[in-house]
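>>> give me a 3D structure for the following:
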Amino acid sequence: PDPDLSNGLAALSFAVLKALFTGLTVGLTEEILYRGAIFTGLARYTNQLTALIISACFYGAVHFIEIAALPAGATLTWWSGLTLLAGAFTQFTDPLILDSLLSLTLLGVLLGLLRRYEGNIILCAGAHAGIVTINKIFAYATEYKAGSPSAFLVNAYDHQTGLLAIVWLAMACLFYYRLIMRMS
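Alright, predicted model coming up:
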């Protein structure tokens, strides 16, 4: 448990409210962009599978683009933006992000399957908001300790996603896909 939450119910309630607000905001915003605009736009010009894979890969990858601030004392020039943009992709050289990248891509596949077969972006936004909310509650309520007996379950990169998330999301994608195929 996070020692900051030892202050009792008020601290835990605030953490849950903060997680819920974050979950709703992220769920709505990202689903409008990824499953609303990107998936739907790609599906108009390609097939559904291509749209699903590209939008899921893009969704997973965008979480690792990090644009740094202009260094203190640096002069702003016409090429400053290009320099900062080039540095934004350096996280992709870090192998520690691999399980986070894969789990986020699988989450994108699962949400894309929901969008494709349910035809409803609100369901995607609700599922996404719920996942983010739960993830944030655990992030706010726990403190990562390297060397802990259960540390292998989380990623060294963000201390949240890991092998367990990959297995769970892969099983959820397969289960949902098989369920949809049986119903059609």
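>>> what are the buried residues along stretch 97-113?
Residues 97, 99-113 are the ones in stretch 97-113 that count as buried (16 or more other Cβ atoms under 10 Å). For glycine as for every other residue, the C-beta is placed from the backbone atoms N, C-alpha and C.
>>> with stretch 127-134 instead?
127-129, 131-133.
>>> how about residue 54: what's its closest non-neighbour residue?
If you skip the residues right next to it in sequence, residue 54 has residue 42 as its closest partner in space, 5.7 Å away by Cβ to Cβ, 6 or more residues apart in numbering.
>>> for the one you found, what are its contacts?
50-51, 54-55 (Cβ atoms under 8 Å, 6 or more residues apart in numbering).
>>> in terms of helices and strands, where is it?
The secondary structure element spanning residue 42 is helix 39-45 (assigned by DSSP states H and E).
>>> pull out the buried residues from that helix.
Taking 16+ other Cβ under 10 Å as the criterion, helix 39-45 shows 39, 42-43 as buried.
>>> now do stretch 63-75
63-64.
>>> what's that stretch in contact with?
Applying Cβ under 8 Å, 6+ apart, the contact partners of stretch 63-75 are 76, 80, 84-85, 87-92, 97, 100-101, 104.
>>> now swap in stretch 175-184 and tell me
Contacts made with stretch 175-184 from outside it, assessed by Cβ under 8 Å, 6+ apart, are listed as 110, 113-114, 117.
>>> just to revisit the earlier point, okay, the helix holding residue 42 in PDB with CA atoms only?
Coordinates of the C-alpha atoms in helix 39-45 are reproduced here as PDB (Å, rounded to 0.1, in the frame of the first residue of the first chain):
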ATOM      1  CA  PHE A  39     -10.600   3.100 -36.900                       C
ATOM      2  CA  THR A  40     -13.700   4.500 -38.800                       C
ATOM      3  CA  GLY A  41     -11.600   6.500 -41.200                       C
ATOM      4  CA  LEU A  42      -9.300   3.500 -42.000                       C
ATOM      5  CA  ALA A  43     -12.200   1.100 -42.300                       C
ATOM      6  CA  ARG A  44     -13.700   3.300 -45.100                       C
ATOM      7  CA  TYR A  45     -10.600   3.000 -47.200                       C
END
